[in-house]
Every structure is written in structure tokens, then in C-alpha cells.
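Peer 1: Predicted model follows, preceded by the sequence.
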Amino acid sequence: MGHLDHATFGWLTPVLSYAMACIGAALGLRCTVRALATSGRSRRNWLLTAASAIGTGIWTMHFVAMLGFSVSGTDIRYDVPLTIVSLVVAMVVVGAGVFAVGYGRDRGRALFLGGLTTGLGVASMHYLGMAALRLHGDVDYDPVLVGISVVIAVIAATAALWAALNIKSPIAVAVASLVMGVAVSSMHYTGMIAVKVQVSPSGEALPGATAMQFIFPLAVGLGSYLFLTAAFVALSPTAGEREASESAQRPVESVAR
């Protein structure tokens with residue numbers, strides 16, 4: 001049995017991964033709040049941005065945390081296509097959940113379906129990412145802990161969507177995002193504690209890319225996307241601000257005529 005270390009670099013990767021989860025949750029919540037205040041194409045675009053932000057944040061959180069994962073007695077590589085598939089799954093399934101809430105007429109039903117779909121998407125992304133691991137040995141899981149991690153993912157997703165429907169102020173969204181970061185990180189590390197590795201020492205080269213060759217550059221790129229999206233959301237006027245601006249312009253136009 002290989003010794004598993006989930007924090008090879010100490011607190012660096014857990015803290016950074018938590019920050020990524022919080023940023024993704026905050027952006028997703030703010031974009032969903034913006035979407036619910038609009039209609040038509042604008043609502044669709046905000047929901048797409050919310051899905052990409054949440055999906056990117058969760059994926060980046062997972063693989064930043066995985067930068068600190070090591071197993072004694074074996075190197076670790078990542079299957080590149082499968083890792084990318086895990087990112088696509090995260091965005092698509094999270095998008096389905098967000099759109100269910102954004103367009104659902106019955107909010108209770110939409111919240112249930114959206115939370116379940118999004119939570120299962122988060123869990124699928126996590127275990128697809130784990131399936132991309134390549135090492136000398138066999139990977140097994142504790143089924144009870146796997147089940148608990150999935151339940152945490154569904155609860156976390158449902159709570160996030162509930163917050164999007166009911167919380168409007170930026171401060172409340174920030175607090176909800178911090179809580180969501182804890183929930184997503186808890187899901188990840190619960191799933192990681194469920195991992196068991198039986199190492200089979202071998203001199204053969206492992207297929208795939210190392211974390212620093214592939215995961216780190218991609219995580220940095222997606223992290224940059226999150227920060228740019230945050231700037232875009234912060235600078236975009238809200239529906240209330242647009243209405244106030246239009247109202248202020250009407251008297252000026254009337255006088256000009």
C-alpha cells in the first residue's frame with residue numbers, strides 16, 4: 001500500500017484550491033443573480049457565463065489541489081484527453097443545472113433538479129479527473145466515503161443555487177461563496193480520503209503528462225480567465241443601474257426636443 005500525501009507543498013495547494021473554489025462560486029452566483037434580473041438573450045448569456053465560471057472554478061480547485069497529491073513508490077501522470085473531458089463535463093452539467101434554475105417556472109422543482117444535476121456534475125468531474133491518474137499500481141475507493149462525497153456535492157450545489165435565487169447583496173454573495181468554497185473543498189478531500197493505492201513498483205515509463213507539464217499551465221490559464229471574468233462582472237452595470245441611467249437620460253432628451 002503506497003503512502004498518500006494530499007499536501008506535498010504544505011498549506012499552499014489547499015489554500016489556493018479553496019480560493020479558486022470561492023472565486024468560481026462568487027462569479028457564478030453574481031452572474032446568476034444578474035441573469036434572473038434580465039430576460040431573453042441577456043439572461044442566456046449571463047447563465048452561460050455563470051456555468052463557465054462555476055465549472056472552471058470547481059475544475060481549477062480540484063487540479064490545484066491535485067498538484068499537492070503524491071504517492072510514495074510511484075510517479076504520477078495524467079491522461080490529457082480524459083482530463084480535458086472532465087473540464088467539459090463540469091461546464092456542461094453545471095450549465096444544465098444553472099439553466100434549470102434560470103428558466104424554471106416552479107422554483108422549488110427547479111432548485112431540486114438544478115442542485116441534483118449540478119452536484120452530480122461536480123462529483124463526475126472529480127472522479128473523471130481521478131480516472132485520468134496514471135501510476136504504477138491499482139487505485140481503489142472506499143464506497144462509503146465516495147457516497148458521502150457525492151452527497152456533499154449535491155448539498156453544496158443546491159445551497160449555491162438557493163443562494164443565487166434568494167441572495168442579492170454583494171456582501172451576502174461573498175459570504176455564501178466562502179461557505180461554498182468550504183463545501184466544495186470538503187467534497188474534494190472527502191473523495192481523496194476515499195482513495196487507496198496498491199503500488200506495483202515498475203521501471204516502465206508512465207503514459208501521460210506530469211502535473212507541472214499540463215495541469216499547472218492549464219490551471220493558471222483558467223485562473224486568469226476567472227480573474228478577467230470577475231473584472232468584467234464588476235464593471236458591468238446591473239439592471240437597476242441601467243434603469244437609473246435610462247431614467248436620468250429621459251428628461252435630458254425631453255428638454256432637447
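Peer 2: That came through, no problem. Keep in mind it's a predicted model, so treat the numbers as computed, not measured. Numbering: from 1, shown residues only.

Peer 1: Just the CA coordinates for stretch 128-136, please, in CSV.
Peer 2: Extracted C-alpha coordinates of stretch 128-136, given in CSV (Å, rounded to 0.1, in the frame of the first residue of the first chain):
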residue,chain,number,x,y,z
LEU,A,128,-13.2,11.6,-14.1
GLY,A,129,-10.2,13.7,-13.1
MET,A,130,-9.2,10.8,-10.8
ALA,A,131,-9.7,8.3,-13.6
ALA,A,132,-7.1,10.3,-15.6
LEU,A,133,-4.4,9.4,-13.0
ARG,A,134,-1.7,7.1,-14.3
LEU,A,135,0.6,5.5,-11.8
HIS,A,136,2.4,2.2,-11.1
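
Peer 1: and it, how far out from the chain's middle?
Peer 2: Stretch 128-136 sits 19 Å away from the centroid of its parent chain (C-alpha atoms, centre = their mean, to the nearest Å).

Peer 1: How about the contacts made by Ala53?
Peer 2: Neighbouring residues of Ala53 by C-beta atoms under 8 Å, 6 or more residues apart in numbering: 24, 27-28, 31, 226, 229. To be clear about C-beta, it is placed using only N, CA and C from the backbone, and glycine gets the same treatment.

Peer 1: measure it to Val80 for me?
Peer 2: 24 Å (C-beta to C-beta, to the nearest Å).

Peer 1: Next: Gly191.
Peer 2: Per C-beta to C-beta, Gly191 is found 21 Å from Val80.

Peer 1: who has more neighbours, these two?
Peer 2: Gly191 (24 against 16; other C-beta atoms under 10 Å).

Peer 1: list the contacts for that one?
Peer 2: Taking C-beta under 8 Å, 6+ apart as the criterion, Gly191 is in contact with 123, 126-127, 130, 145-146, 149.

Peer 1: need the residues you listed in CSV with secondary structure, can you?
Peer 2: Conversion of the contacts of Gly191 to CSV gives the following (DSSP: H, G, I helix; E, B strand; the rest coil):
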residue, secondary structure
Ala123, helix
His126, helix
Tyr127, helix
Met130, helix
Leu145, helix
Val146, helix
Ser149, helix
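
Peer 1: Now do stretch 110-121: everything it contacts.
Peer 2: With C-beta under 8 Å, 6+ apart as the criterion, stretch 110-121 contacts 54-55, 89-90, 92-94, 96-98, 100-101, 103-104, 150, 153-162, 165.

Peer 1: can you rerun that using 6 Å?
Peer 2: 93-94, 96-97, 100-101, 104, 153-154, 157-158, 161-162 (C-beta atoms under 6 Å, 6 or more residues apart in numbering).

Peer 1: any chance you could map the helices in the stretch 151-257 of the chain?
Peer 2: All helices of the stretch 151-257 of the chain, identified by DSSP state H, counting those that start in this stretch, fall at 170-193, 216-235, 239-256.

Peer 1: what do you get for the stretch 1-150 of the chain?
Peer 2: Taking DSSP H, counting those that start in this stretch as the criterion, the stretch 1-150 of the chain carries its helices at 12-36, 40-66, 80-103, 107-131, 143-166.
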